[in-house]
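**Student:** okay, predicted coordinates and the sequence, questions at the end:
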Amino acid sequence: MESPAQGRADTPDTDVRTRVRTMQAELFNYATTLQRDPNSIRLCGVTKFHPREAMFEAIAAGVTDIGESYVQEAREKYADVTGVTKHFIGHLQTNKAKAIVSTFDVIQSVDRPEAGDAIAKACSVLGRRVRTLVQVNISPSDRFGVAPQSALELADYLRKLDLEVDGIMAIGPNTDNRDTIRRSFEEAARLFAQIGGSTLSIGMSGDWREAVACGSTMIRIGTALFGARSPVLP
């Protein structure tokens, strides 16, 4: 089986820079309509299965946060890349914690104490600090994330490990029902208010408007910036 780094992206209808600028304009206009400061919402470009060249186009267009789900793909793609914040957004396997800590600045997907233990140990060994987010499960279709009622307890545990907990991350439900999506994001926002930090990472290409309406401070956008992605199958 080929690694995720060997995936390919479908050819986009327009170039990445145009897509980024369009997304930035839409985000600015929508935030302004909601009387929110557009500068309070960061755009994280999700480069998963997209080539390094596309990532550089996005950065040139003003994207300062980039995200990956697979550490092996990120280590190749992010090598020697400076001036941006690198986010790990995939499920954290504890045996890869050292590689993740050495590659990323923010780990968004901490969803259990064992993951926190592995990150803390890796930080100690490498002499490096990273920011963490508690991943909360707000969707019945999502396999990962801590249960909402246990999120605050997990955040406290991570802080006792001397990890910086900078907020929460959540993935919206896989549905076309906009009210269901919004209610889930409202729950994430309530948990964010309890846990604290600066980052409420909710909202992707298909539901970022609901997320922004609920207070998101970071939207994770892949398809709207880079086009459809499709990894090469074995």
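**Tutor:** Structure's in. What do you need?
**Student:** where does residue 28 fall, secondary structure wise?
**Tutor:** Following DSSP states H and E, one finds residue 28 within helix 16-33.
**Student:** give me the distance from that helix to the chain's centre.
**Tutor:** Averaging C-alpha positions (CA atoms, centre = their mean, to the nearest Å) puts helix 16-33 18 Å from its chain's average.
**Student:** can you name the residues in contact with it?
**Tutor:** For helix 16-33, the surrounding residues in contact (CB atoms under 8 Å, 6 or more residues apart in numbering) are 12, 37-38, 40-41, 43, 45, 54, 57-58, 60-63, 208-209, 212, 219, 221, 224-227. (Each C-beta comes from the backbone N, C-alpha and C, glycine too.)
**Student:** next: stretch 84-99.
**Tutor:** The contact list for stretch 84-99 (CB under 8 Å, 6+ apart) reads 44, 46, 59, 63-72, 74-75, 78, 100, 103-111, 114-115, 117-119, 121-122, 125-126, 143-144, 169, 220.
**Student:** report the buried members of these.
**Tutor:** 44, 46, 59, 63, 65-71, 74-75, 78, 100, 103-111, 115, 117-119, 122, 169, 220 (16 or more other CB atoms under 10 Å).
**Student:** picking that back up, list the buried residues in the helix holding residue 28.
**Tutor:** Those would be 16, 17, 19, 20, 23, 24, 27, 30, 31, for helix 16-33 by 16+ other CB under 10 Å.
**Student:** let me know the closest of those residues to residue 175.
**Tutor:** Using CB to CB, residue 30 is the member of these that lies nearest residue 175, at 20.7 Å.
**Student:** can you check the pLDDT for the most centrally placed residue in the chain?
**Tutor:** In the chain, the centroid-proximal residue (CA atoms, centre = their mean) is residue 89; its distance is 4.6 Å. Looking at residue 89, its pLDDT is 97.
**Student:** switch to numbering from 881
**Tutor:** Got it, the first residue is 881 from now on, which makes the last one we talked about residue 969.
**Student:** format the buried residues of helix 896-913 as TSV; extra columns: distance to residue 1066 and pLDDT.
**Tutor:** Shown next, in TSV, are the buried residues of helix 896-913 (distance: CB to CB, whole Å; pLDDT from 0 to 100):
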residue	distance to residue 1066	pLDDT
896	32	95
897	34	95
899	29	96
900	28	97
903	24	97
904	25	97
907	20	98
910	17	98
911	17	98
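**Student:** now those residues as TSV including distance to residue 1064?
**Tutor:** As requested, the buried residues of helix 896-913 are exported to TSV (distance: CB to CB, whole Å):
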residue	distance to residue 1064
896	30
897	32
899	26
900	27
903	22
904	25
907	20
910	19
911	20
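**Student:** among the buried ones among the contacts of stretch 964-979, which ones are in strands?
**Tutor:** Residues of the buried ones among the contacts of stretch 964-979 located in strands (DSSP state E): 924, 926, 945-948, 986-990, 1049, 1100.
**Student:** could you dump these to JSON lines with pLDDT and distance to residue 963?
**Tutor:** Below are those laid out as JSON lines (pLDDT from 0 to 100; distance: CB to CB, whole Å):
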{"residue": "924", "pLDDT": "98", "distance to residue 963": "15"}
{"residue": "926", "pLDDT": "96", "distance to residue 963": "18"}
{"residue": "945", "pLDDT": "98", "distance to residue 963": "11"}
{"residue": "946", "pLDDT": "98", "distance to residue 963": "11"}
{"residue": "947", "pLDDT": "97", "distance to residue 963": "16"}
{"residue": "948", "pLDDT": "97", "distance to residue 963": "17"}
{"residue": "986", "pLDDT": "98", "distance to residue 963": "15"}
{"residue": "987", "pLDDT": "98", "distance to residue 963": "20"}
{"residue": "988", "pLDDT": "98", "distance to residue 963": "20"}
{"residue": "989", "pLDDT": "97", "distance to residue 963": "24"}
{"residue": "990", "pLDDT": "98", "distance to residue 963": "25"}
{"residue": "1049", "pLDDT": "98", "distance to residue 963": "23"}
{"residue": "1100", "pLDDT": "98", "distance to residue 963": "19"}
